[in-house]
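# quick check, what structure comes out for this input:
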Amino acid sequence: MKMRVNGHVYVTIMIYIVIAGCLCTNAGNEKEMRYPQYPETLKAAPDIPSPYTTRSGSEMIVAVTNDGEYTIVEVTQENGDIPDYDRLKMGKGLQVNPDSSDFPTFAETGLHADEELVSTESITGIPVDDITASGRPDEYSRAGFMAADENIIAVLRGDNDLVRRIGLTHPDFAKPLFHVWNLVLKGIEQEKWTSDAMDIDYILYNGRKIRLKFGGRGWQRSIFNDGIMGAYHLEMRRELGEAEITLLKEKYAGLSETQMNELIETLSFIHTGEMVPYYINWYGFYEGHTSFRADPLAIASVFGLKSIEDLEGHFPGRLYDVLTRHFTME
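So this is what the prediction gives:
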């Protein structure tokens, strides 16, 4: 529940006491806590998990400002105003709408049926060959939406297989990226962020400290007929722990120093744009192997959806190959 007091917005958070593994919701075990929301700050860390969903369904994350103070930001994934970058109009757009017309199984389950992907001839009315052509480097964008040797169906199938093996769904991977993007939108709305400056140093997410950067890159149109637009770089980084790096060096002792650095960097850093969470949620598209790819394994590692040990268990001895191999029809 949110309320406004003297012009400031507060969020009321119900903290429940867990007894013998059961979540007790009777009045005697509830503790009501009221915290101010961003841009208001706290000197000490709030006693809530991050991310956190309130009883009313609002999704909150805890962030730390450049001054070292804490703040709670409402970042709910939801449908909102359609952005129009030509008119400098911002908005959340359609954040909960999968492409049910082209991919009914994906819309229902959060994962593609491979037989549907194999037989797909067009997406949003555009032939898949045309999408591949426009998605190559130096076409719609300099970096491209996929590598020169990749095509849209192979990329969708490749990432769908990764996500299925990890045991999650595409919406699971879209959510943390939407949380970051909605944080950016909140900062712009509050006139705290510009295209080259922000007042948030990092966010707390599933026990991870994730540092953020963002900046403008010029207007970008989608390779699909979907109205999704982009104008920003988004960077998310967490430092791997000593035990995580030791595990990687033990499991991948045969990699060169350059390859090991690449493996660590790929599992700890994401550089993408605000189009990608929509792409993931609508189509299961993380972009191909370009500089804007948000790899599912990287999202899992950075945002704490899976540990490095978990990922190694899903792909024993294969993490480097899985992260670097292009998706082709071979």
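
# so, low pLDDT: which residues of the stretch 101-250 of the chain?
Residues of the stretch 101-250 of the chain meeting the criterion pLDDT under 70: 194-196, 217-218.

# what about the strands in it?
When assigned using DSSP state E, counting those that start in this stretch, the strands of the stretch 101-250 of the chain occupy the ranges 122-123, 126-127, 200-205, 208-221, 229-237.

# out of these, which comes closest to residue 162?
Nearest to residue 162 among the strands of the stretch 101-250 of the chain is strand 229-237; the distance by C-beta to C-beta comes to 18.6 Å. All C-beta spots, glycine's among them, are computed from the backbone N, C-alpha and C.

# run through the neighbouring helices and strands of the closest one.
Helices and strands touching strand 229-237, by 3 or more C-beta pairs under 8 Å, 6 or more residues apart in numbering; DSSP states H and E, are helix 170-189, strand 208-221, strand 269-273.

# who wins for proximity to residue 140 among these?
Shortest separation from residue 140 across the helices and strands packed on strand 229-237 is recorded for strand 208-221, at 6.4 Å, computed as C-beta to C-beta.

# which parts of that closest one are buried?
Counting neighbours by 16 or more other C-beta atoms under 10 Å, one finds that the buried residues in strand 208-221 are 208, 210, 212, 214, 220.

# so the third one makes contact with residue 202?
Yes: because the distance of 6.5 Å satisfies C-beta atoms under 8 Å, residue 212 is recorded as touching residue 202.

# and the most centrally placed residue in the chain, what does it touch?
What sits nearest the mean C-alpha location of the chain, by C-alpha atoms, centre = their mean, is residue 177, with 2.1 Å. For residue 177, the contact set (C-beta atoms under 8 Å, 6 or more residues apart in numbering) comprises 234, 272, 276, 277, 280, 294, 299.

# all helices for the chain, in order.
If you assign secondary structure with DSSP state H, the helices in the chain sit at 104-109, 114-118, 128-135, 152-166, 170-189, 242-251, 257-268, 275-283, 296-302, 308-314, 319-324.

# residue 50 is nearest to which of these?
When the helices of the chain are ranked by proximity to residue 50, the top entry is helix 170-189, at 9.7 Å, counting by C-beta to C-beta.

# so residue 315 sits right up against residue 161, yeah?
No: under the contact definition of C-beta under 8 Å, residue 315 does not touch residue 161, with a separation of 10.9 Å.

# residue 110 and residue 269: what is the separation?
Using C-beta to C-beta, to the nearest Å, we find residue 110 at a distance of 25 Å from residue 269.

# what is the burial count for residue 303?
By the criterion of other C-beta atoms under 10 Å, residue 303 has 24 neighbours.

# also residue 265?
Under the criterion other C-beta under 10 Å, the count of neighbours that residue 265 has is 13.

# same question, residue 267
The local packing of residue 267 (other C-beta under 10 Å) involves 24 other residues.

# hmm, residue 309 and it touching each other?
No: applying C-beta under 8 Å as the test, residue 267 and residue 309 come out as separate, 11.8 Å apart.

# of all the helices of the chain, which lies closest to residue 33?
Taking C-beta to C-beta as the criterion, residue 33 comes closest to helix 170-189 out of the helices of the chain, the separation being 21.0 Å.

# find the nearest non-adjacent residue to residue 65, please.
Leaving out its chain neighbours, the residue that sits closest to residue 65 by C-beta to C-beta, 6 or more residues apart in numbering is residue 199, at 5.5 Å.
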